[in-house]
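**Q** kindly generate the corresponding structure for this input.
(chains A and B)
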Amino acid sequence: MSHLPALQIVLPLLAAPICLLLRKSSLAWLLALGVALCGLAISIVLFHRTLNGEIISYAMGGWEPPWGIEYRVDRLSAFVLLIVSAIAAVTFAFANRSIAREIPLQKHSLFYTALLLCLAGLLGITITGDAFNLFVFLEISSLSSYVLISFGRERRALTAAFQYLIMGTIGATMILIGTGFIYMMTGTLNMADLALRLPGVMDTNTVRAAFAFLIVGFSIKLALFPLHVWLPNSYAYAPSVVSAFLAATATKVAIYSLIRFIFTIFGVDFAFGEMPLQVILILLSIIAVFVGSLSAIFQLNIKHMLAYSSVAQIGYIIIGIALVSAVGLSAGILHLFNHALIKGCLFLAVGCVFYQQGDATIDNFKGLGKTMPWTMAAFVIGGLGIIGMPLTAGFVSKWYLVLAALEHGVVGMIIIISVLLGSLLAVAYIWRIVEAAYFNQPEAAAIERGEAPLALLIPTWILALATIYFGIFTQLSVDAAMQAAQSLLGGK
Amino acid sequence: MTNFDPGMLMAIIVVLPFLGALLIALAGKNPNLREFFTLATGVTTFLLVLNLLPGVFNNETTRYTFAEPFPGLTLQFSLEPLGMIFALMASFLWVVTSIYSIGYMRGNNEQNQTRFYVGFAVAIAFTLGLAFSANLLTLFVFYEMLTISTYPLVTHAGTDHARKGGRVYLGILLTTSIALFLPAMIWTYHSTGTLDFRPGGIFAEGADKFVVGIILLLFFFGVGKAALMPFHRWLPAAMVAPTPVSALLHAVAVVKAGVFTVLKIAVYIFGIDLLASLEARDILLYVAGGGVLLASLIAMRQNNLKARLAYSTVSQLGYVTLGALLATQAGVTGASMHIVMHAFGKITLFFCAGAIYVASRKTEINDMVGLGRTMPFTMAAFTIGALSVVGLPPTGGTWSKWYLMQGTLESGHLILMGVLMVSSLLNIAYLLPIPVRGFFNKTGNSDGNSGIKEAPRPILLAIAITVSGCILLFIFPQALYDLATMVR
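**A** Here you go, the predicted model:
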């Protein structure tokens, strides 16, 4: 039991090369799915153990921190681990049938290898308590996601992956420089140790520069406006299951890292007191909400549309975080969770359409209300979640976000207006699809193809039902987010 | 049945139409069985609601909590006079409308009838949930669900026209609720720490009048379903729906959900004492009063019968909003009663409009000249429904208007009394000429009416029930009045 934190990472890391050796697609899939399910079980146990506020510290290889690499599971990281591994389990289950029509058979084992590496990287970023180790895992996840995106069926996937590669590498380099600077000033890389030593050297330009590099670097990885340009194409041209997996996890983990560096390492006073971070983040996030939502309205490719919607939703999360209050921060963390569910559901539903129709432009959706009723119902549920309708998870996030903004006077009012206008713009882009699906007669070929197979529908519906469940019974998600926020802000 | 705990019973009542919807969907291949399920569910639901009535008169408070999405904020049902009025009315008129729908949908050979009945049952379930809501959050949840669930009904025809109407419908209702209603609710929660409906309201004594006033404005404009001008455009747009939908949803369930919400907020969130002291209230009073007149004037210019009725509804909803804003006991009583009185009157008018359409395919008022000779029953019913909307004996509309007038006197806003009187005259001017020309005008193109017979029997039966309702509510208003005076 005490080795659980290590197992969380080691399992997918070891399974990845084994996958490569398994030449048969279904075997590789079973292994990947099994590893994802084990990972989910482990993260549930870890989540459960941190519920009472316990912090699990694990010394990698027996080297005591701060000298060795420490894995550190507190409430926030346990929550994010849970999100990532749960989404992984659901999307991996979706993968088998989905990639059968999107990726040539001989590349399947390679695909699962990259998928597992990506999972290992994402989980590693979340669990590690070591700044440099975080960079290493970031690179593992990034490199594997470039590969995953380039698996896309169209040749444009290659340019999308290349664009992401360039942007991602710039971001990673900045993070490396930032980490190097703080190491130079403090001589340590352990996060807890950094938090202790940084205040002594806070008043230097090196630390300020480090902070700036780190913030910009993570902003690229989490696709904050205007550093989001890599995201839409990557999500649009990647294989469906990759879009769903990355959209629900990769940017979330980057946001997690941002929170970690701001709140745990640098501290609220430095980040928001000495540096003008709040103004910058809130301003950019508000613009992100509008630019993302407005761009989404005009996309013909629905994966593009969902990707732009993600840009807007990331804006919501960052707004919550930048409010720096207990309610705001928990709203941000909560939306991290809720948005992962909702966007995962939407991307999987689009994956079903892609599987049956061969593409996912708005024309492919015509008449699907009749021919693919279950897929479209899941899409509508996810869509209502993005809009923030009551009884969906999106409503709960929006509730807390508005509640948090109410404490901030005029700025708060502007935030509330942007959040609500963003919801209305979401109505506009979601309803285009609903109208296409329900107001058109299906083509003869679409009628023949019919509904997507159960192997795709079940994962999609798990996320759709989760979207509703966490809109009504919020105890788990809200409590976890609240407690994580409290401990970040220096509570117990 | 009396063995049930009333709290549990409310939950069962809300779930029942969902089960009905399931059965209806399963019986889709067999229309007779399907319609049987619709009626059976409707009657059972109504009887169960009726079963709750004694508890309300005994002032029992029962609650049923089914979830707690936010710490301290529950999704909860509770029994309360105003909700009781609304639930009784909606469940009763659902039964009547179901009878009507059978005649209408079959008479018109409409497409996708199963979807229609399923949608109807679901919409009623959400309406009942809204009626039983114990707090604003629960109410909001059902309010939004009602919007979404009625969208397929409004756009039932599936044409381009229906799609456009649906856009306006959804656009205005969602925009107002998300952009105004929701922030008003969260703001209320932020300043009071609760969203429960409580007699006397939840705002503290010393609450900042300016802030409370802004919240009031957000609420009243935010409840788009109450169709307070300028957010009324969705209602005429929703007339693309089949007539039974217009009748039940846009004379009873949806619009009444709107004014019901407004009334609940006025009485149980603000409390009439606080309300009377707000400057924002005075602004709203005149906005509502102006809306009443303006909508009536627009109604006069509509040649399409359903459009005219829609604008008439906008105007009549203004009465209820006015009654709530008057912040006097008589105003609240009148508003509560008007919810029911107008429902019976207006649903009769819509039923008649649908009957005329089924029998003669006529939608424009100009073409209905002389129709009274071939469809005497329908036109006579139309006359009585119109009298009730105007507020003249021998119909129930008389009483609600009486108390509304009394409310304007109590509050001292005499101009508003004038507004109500002028509006009544306007109502006469745009409603009564239709039957008058139907019966007495000989110069019209009555030749075109040959071969037209009365509508199918289920339609006539439904009309007969609602017409009797209009008249019975005039003779026996006591029970309704008693319930309405308990709203305080």
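
**Q** quick one: contacts for the closest residue to chain B within the stretch 51-200 of chain A?
**A** Distances between the stretch 51-200 of chain A and chain B by Cβ to the nearest Cβ are smallest at residue A:51, namely 16.2 Å. C-beta: built from backbone N, CA, C; applies to glycine. Each residue near residue A:51 by Cβ atoms under 8 Å, 6 or more residues apart in numbering or on different chains is listed here: A:75, A:483.

**Q** now do the phi/psi pair for it.
**A** Recorded main-chain torsions at residue A:51 are phi -60, psi -40, according to degrees, to the nearest 10.

**Q** do residue B:278 as well
**A** Listed backbone geometry of residue B:278 is phi -90, psi 140, with angles given as degrees, to the nearest 10.

**Q** do you know how far the nearest residue to it once chain neighbours are set aside is from residue B:427?
**A** Beyond its immediate neighbours in the sequence, the residue positioned closest to residue B:278 (Cβ to Cβ, 6 or more residues apart in numbering or on different chains) is residue B:213, lying 4.9 Å away. In this structure, residue B:213 and residue B:427 are separated by 32 Å, where distance is defined by Cβ to Cβ, to the nearest Å.

**Q** tell me which of those two has more neighbours.
**A** More crowded of residue B:213 and residue B:427, by other Cβ atoms under 10 Å in any protein chain shown: residue B:427, with 23 against 18.

**Q** tell me if I'm right that the more buried one and residue B:312 touch.
**A** Yes - counting by Cβ atoms under 8 Å, residue B:427 touches residue B:312, with 7.0 Å between them.

**Q** mutual contacts of the two, please.
**A** Common neighbours of residue B:427 and residue B:312, counting by Cβ under 8 Å, 6+ apart, are B:296, B:389.

**Q** please enumerate the helices of the stretch 251-400 of chain A.
**A** A:268, A:277-297, A:302-322, A:326-357, A:368-371, A:373-387, A:393-405 (DSSP state H, counting those that start in this stretch).

**Q** would a markdown table of these with distance to chain B and mean neighbour count be doable?
**A** Putting the helices of the stretch 251-400 of chain A into a markdown table (distance: least, Cβ to the nearest Cβ, whole Å; neighbours: other Cβ atoms under 10 Å in any protein chain shown) gives the following:
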| stretch | distance to chain B | mean neighbour count |
| --- | --- | --- |
| helix A:268 | 23 | 15 |
| helix A:277-297 | 13 | 20 |
| helix A:302-322 | 14 | 27 |
| helix A:326-357 | 10 | 28 |
| helix A:368-371 | 10 | 20 |
| helix A:373-387 | 7 | 24 |
| helix A:393-405 | 5 | 27 |
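
**Q** ok, which of those comes nearest residue A:66?
**A** The closest of those to residue A:66 is helix A:268. By Cβ to Cβ, the value is 22.2 Å.

**Q** just checking, what packs against the closest one?
**A** Counting contacts by 3 or more Cβ pairs under 8 Å, 6 or more residues apart in numbering or on different chains; DSSP states H and E, helix A:268 is packed against no other helix or strand.

**Q** wait, a strand at residue A:58?
**A** Yes - assigned with DSSP: H, G, I helix; E, B strand; the rest coil, residue A:58 falls within a strand.

**Q** what does chain A have sitting close to chain B?
**A** A:384, A:387-391, A:396, A:398-399, A:402-403, A:406-407, A:416, A:420-421, A:423-424, A:427, A:431, A:435, A:438-439, A:471-475, A:478 (Cβ under 8 Å from any Cβ of the partner chain).

**Q** who's in contact with residue A:447?
**A** Residues near residue A:447 by Cβ under 8 Å, 6+ apart: A:370-371.

**Q** now the one 4 residues further on
**A** The contact partners of residue A:451, by Cβ under 8 Å, 6+ apart, come to A:356, A:371-375, A:457.

**Q** tell me the phi and psi of residue A:72?
**A** Dihedral angles of residue A:72 (phi, psi; degrees, to the nearest 10) stand at phi -140, psi 120.

**Q** quick check: residue B:248 touching residue B:347?
**A** Yes - proximity of residue B:248 to residue B:347 meets the contact threshold set by Cβ under 8 Å, at 7.0 Å.

**Q** what touches both of the two?
**A** Counting by Cβ under 8 Å, 6+ apart, the shared contacts of residue B:248 and residue B:347 are B:93, B:97.

**Q** starting at the chain centroid, how far to the worst-scoring helix or strand of chain B on mean pLDDT?
**A** Every helix and strand in chain B was compared by mean pLDDT, DSSP states H and E; the lowest is helix B:371-374, with a mean of 80. Between the centre of helix B:371-374 and the centre of its chain there are 30 Å (Cα atoms, centre = their mean, to the nearest Å).

**Q** tell me the buried residues in it?
**A** For helix B:371-374, the buried set under the neighbour-count rule, 16 or more other Cβ atoms under 10 Å in any protein chain shown, comprises B:371-372, B:374.

**Q** can you check stretch B:220-233 too?
**A** By neighbour count on 16+ other Cβ under 10 Å, the buried set for stretch B:220-233 is B:220-229, B:231-233.

**Q** give me the residues contacting the least confident helix or strand of chain B.
**A** Contact partners of helix B:371-374, identified using Cβ under 8 Å, 6+ apart, comprise B:356, B:360, B:362, B:378-380, B:435, B:438-440, B:446, B:449-450, B:452-454.

**Q** who's in contact with the residue in chain B that chain A sits nearest to?
**A** The nearest approach of chain B to chain A comes at residue B:141, 4.0 Å away (Cβ to the nearest Cβ). Residues counted as contacts of residue B:141 (Cβ under 8 Å, 6+ apart) are A:390-391, B:75, B:129.

**Q** show the buried residues in those residues.
**A** Buried positions within these, assessed by neighbour count (16+ other Cβ under 10 Å), are A:390-391, B:75, B:129.
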